[in-house]
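J.: Build the 3D model from these lines:
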Amino acid sequence: VQLVESGGGLAQPGGSLRLSCAASGFTFSSYAMGWFRQAPGKEREFVAGITWSGGSRNYADSVKARFTMSRDNAKNTLYLQMNSLKPEDTALYYCARSKYMSSVRVDYNQYDYWGQGTQVTVSS
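T.: Numbering: from 1, shown residues only. So this is what the prediction gives:
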């Protein structure tokens, strides 16, 4: 199993970034997936999750209406569109494979494989 994130970088407040996560080594369409983030000195926190089909999504309150998670099962790729970025969105962002297919879990212990992370920095 391999998960490789990309698309991070430096953005200004109010700007946008689009993260991608390329998955391989497993049947991507059979698993729910999640995005998490971790800022220095803070716990890893749930950002967004999506079921195997993309039919159901869940977002942390802090990113609702600003971030949109999607997936392309034909391309084995997960996305996180981040708009209206704030300095408090600065963190290392990880994609993760859920242990489940049809439910989105917010607890990181319910995810069994993780990417290496991509850094997002929001600063003027």
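J.: Could you check how far the most centrally placed residue in the chain is from G117?
T.: Compute the mean C-alpha point of the chain, and by C-alpha atoms, centre = their mean the closest residue is W35, 2.3 Å away. Distance of W35 to G117, computed by C-beta to C-beta, to the nearest Å: 11 Å. Any C-beta I mention is one placed from the backbone N, CA and C, and that applies to glycine too.
J.: Return every residue with contacts to both of the two.
T.: Both W35 and G117 are in contact with 93-94, where contact means C-beta atoms under 8 Å, 6 or more residues apart in numbering.
J.: ok so, going back, pretty sure the residue nearest to the centre of the chain contacts G49?
T.: Yes: if you go by C-beta atoms under 8 Å, W35 and G49 touch, sitting 7.4 Å apart.
J.: list residues touching both of those two?
T.: Residues touching both W35 and G49 (C-beta under 8 Å, 6+ apart): M69.
J.: S29: what secondary structure?
T.: helix (DSSP: H, G, I helix; E, B strand; the rest coil).
J.: all helices for this protein, in order.
T.: Listed in chain order, the chain contains no helices at all (DSSP state H).
J.: what about it, any weak spots by pLDDT?
T.: Of all residues in the chain, none has pLDDT under 70.
J.: please redo it, this time with the cut-off set to 90
T.: The model of the chain has pLDDT under 90 over residues 101-103.
J.: can you give me the strands in it?
T.: For the chain, the strands defined by DSSP state E cover 2-6, 9-11, 17-24, 33-38, 45-50, 57-59, 67-72, 77-82, 91-98, 111-114, 118-122.
J.: Would you format the ones you listed as JSON lines with distance to R105 included?
T.: Conversion of the strands of the chain to JSON lines gives the following (distance: least, C-beta to C-beta, whole Å):
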{"stretch": "strand 2-6", "distance to R105": "16"}
{"stretch": "strand 9-11", "distance to R105": "28"}
{"stretch": "strand 17-24", "distance to R105": "17"}
{"stretch": "strand 33-38", "distance to R105": "7"}
{"stretch": "strand 45-50", "distance to R105": "7"}
{"stretch": "strand 57-59", "distance to R105": "9"}
{"stretch": "strand 67-72", "distance to R105": "14"}
{"stretch": "strand 77-82", "distance to R105": "15"}
{"stretch": "strand 91-98", "distance to R105": "6"}
{"stretch": "strand 111-114", "distance to R105": "7"}
{"stretch": "strand 118-122", "distance to R105": "22"}
